[in-house]
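[1] Generate a structure from the sequence data that follows.
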Amino acid sequence: MSSFRKALKSKQKNHQERSQPAFRKNLGLLEKKKDYKLRADDYHKKQNTLSALRKKALDKNPDEFYFKMINSQLQDSVHVAKKAKEDVEMTDEQKKVMRTQDIKYVEMKRVAEAKKIERLKAELHLLDADGKQKNKHTFFVDSKKEVQSFDLAKQLNTAPELVHRVYNRPTLQTLETKSIRGAVQQSNIKKMAKQRKHQYKILSQRIDREKKMFVISQKIQTRKDLQDKSKKVKVHKETTSTAAIYKFEGKRKR
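    Residues are numbered from 1 along each chain as shown. Coordinates of the predicted model:
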């Protein structure tokens with residue numbers, strides 16, 4: 001029991017580190033063990049880093065080369081890549097030829113996109129994706145009495161359930177002679193509508209792409225024309241959807 005009483009926390013005296021003596025106050029704070037530990041850890045960390053760098057330098061191949069050795073420089077102790085200098089200067093004639101090639105390439109892509117748009121339009125027949133008709137189909141009759149008794153299904157020679165459809169509207173003879181059970185199923189109709197909507201989305205994207213290519217072609221042509229003319233006045237600023245418009249001084253051609 002005596003050993004247990006000696007080990008009790010309540011009986012132990014708190015250890016306190018001595019403070020800085022009064023006659024040494026002018027020398028600053030007295031370093032404690034925790035301060036020494038931080039200073040020692042920092043010292044050993046730096047020594048380990050220097051040892052690792054020294055070993056890496058000794059193990060390095062003297063014939064090793066990589067382009068950042070000559071393509072970078074120190075700025076404020078930081079490696080910064082050097083700006084590439086254009087060693088070859090191009091003449092105005094060479095720049096014109098390059099812009100001409102750019103215009104031809106963009107025009108080639110635009111024409112290819114326009115052909116795809118025409119092909120899609122021919123397949124879709126410009127029908128609305130929701131099945132609603134934009135244009136009007138007008139029927140003419142001789143009297144008001146015929147207007148009141150006018151039967152659209154009878155006039156179109158189709159079933160009354162199919163009158164509202166503007167595409168794939170078979171006649172009564174077709175319904176009697178051919179089997180279209182699979183086509184009139186609700187699931188198939190929804191599937192076809194979904195595919196048709198996807199095709200219209202693709203068509204809209206291609207039309208936007210063709211317009212952007214046309215604008216790019218105009219901007220390149222404007223920059224090409226500016227190299228030939230000396231006196232010019234800007235009429236309209238360049239935007240994302242339109243090219244800049246300039247007015248040039250008229251010259252008499254000999």
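
[2] centre of the chain versus the helix or strand containing Asp41, how much separation?
    Using DSSP states H and E, Asp41 falls within helix 33-59. Centroid separation between helix 33-59 and its chain, computed with C-alpha atoms, centre = their mean, to the nearest Å, is 47 Å.

[3] buried stuff in it?
    By neighbour count with 16 or more other C-beta atoms under 10 Å, helix 33-59 contains no buried residues. Any C-beta I mention is one placed from the backbone N, CA and C, and that applies to glycine too.

[4] Please apply the same query to stretch 220-239.
    So for stretch 220-239, counting by 16+ other C-beta under 10 Å, buried means 220-221, 223-224.

[5] Over to stretch 116-127?
    117, 120, 124.

[6] residue ranges of the helices in the stretch 151-254 of the chain, please?
    Secondary structure of the stretch 151-254 of the chain (DSSP state H, counting those that start in this stretch): helices at 152-156, 172-177, 181-184, 186-226.

[7] Need the winner for burial among these.
    helix 186-226 (a mean of 14; mean count of other C-beta atoms under 10 Å).

[8] Dihedrals phi and psi, Ala81?
    The phi and psi values for Ala81, taken as degrees, to the nearest 10, are phi -70, psi 140.

[9] isn't it right up against Ile70?
    No: contact between Ala81 and Ile70 fails when scored by C-beta atoms under 8 Å: they sit 10.9 Å apart.

[10] how much distance is there from stretch 17-36 to the middle of the chain?
    From the chain centre to the centre of stretch 17-36 is a distance of 63 Å (C-alpha atoms, centre = their mean).

[11] Can you say which of the helices of the stretch 151-254 of the chain is nearest to Lys32?
    helix 186-226 (71.2 Å; C-beta to C-beta).

[12] model confidence over the helix holding Asp41, on average?
    Averaged across helix 33-59, pLDDT comes to 94.

[13] tell me what the first helix or strand past that helix going along the chain is packed against?
    Toward the C-terminus, helix 33-59 is succeeded by helix 68-71 as the next helix or strand (DSSP H and E). Contact here means 3 or more C-beta pairs under 8 Å, 6 or more residues apart in numbering; DSSP states H and E; on that basis helix 68-71 packs against strand 78-81.

[14] so what's the nearest residue to Arg209 once chain neighbours are set aside scoring on pLDDT?
    Spatially, and ignoring its direct neighbours in sequence, Arg209 is nearest to Glu113 (5.7 Å; C-beta to C-beta, 6 or more residues apart in numbering). Note for Glu113: predicted pLDDT of 92.
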